[in-house]
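Undergrad: below: sequence and its predicted model.
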Amino acid sequence: MARITAQTQNERMKTQTATPQALHGALADRFNEHDLDGLLALYDEEASLVPQPGTVVKGSQALRQALAGFLALKPQETFAETLGVVIAGDLALTHSRWGLRGSHPSDGKPIRLEHFGAEVMRRQPDGSWKFLIDDPFAGDR
């Protein structure tokens, strides 16, 4: 049995976020795994997230709470498709189509989300990418 070390996990994360497109894939994977810490690790330390239209959160605690709200939907079959990427230096502007199938936290009824997002990603010193600005509903307007 292979032993997973912190270095192995860091290398896995770096590989899974080596491009802006890969970062979208890693996001969907973390949602499907219900991995809150893994989701939070995909965001830059200065990140902003729009958890619902008209609301912006910043800081690790606010991001954690917002992401936990999405995970409360018990996501299954989450996807994130990259529709466009423009890179300028260490920043990338991306457009995406994403969705998930889950269940409503209060009554367990099925819920299906599908939206168009816009994101700004920042390349990290190790070459990986993280979300700097994530507006999963930007393309809906």
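TA: Happy to help now that I have it.
Undergrad: only C-alpha atoms for contact and neighbour calcs from this point on.
TA: Fine.
Undergrad: need the next SSE after the helix of greatest length in the chain, C-terminal direction.
TA: Ranked by residue count and defined by DSSP state H, the top helix of the chain is helix 20-33. Downstream of helix 20-33, the next assigned helix or strand under DSSP states H and E is helix 36-40.
Undergrad: return the alpha-carbon coordinates of the next helix or strand along the chain from that following helix using CSV.
TA: Sequence order places strand 43-52 as the next helix or strand after helix 36-40, per DSSP H and E. Written as CSV, here are the backbone C-alpha positions of strand 43-52 (Å, rounded to 0.1, in the frame of the first residue of the first chain):
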residue,chain,number,x,y,z
TYR,A,43,-8.3,29.5,-4.0
ASP,A,44,-5.6,32.1,-3.7
GLU,A,45,-5.1,33.6,-0.2
GLU,A,46,-6.5,36.9,-1.6
ALA,A,47,-9.5,35.3,-3.4
SER,A,48,-13.0,36.7,-3.7
LEU,A,49,-16.0,34.4,-4.5
VAL,A,50,-19.5,35.2,-5.5
PRO,A,51,-21.6,32.5,-3.8
GLN,A,52,-24.8,34.0,-5.1
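Undergrad: buried set for strand 43-52?
TA: Residues of strand 43-52 classed as buried: 43-44, 47-51 (neighbour count, 16 or more other C-alpha atoms under 10 Å).
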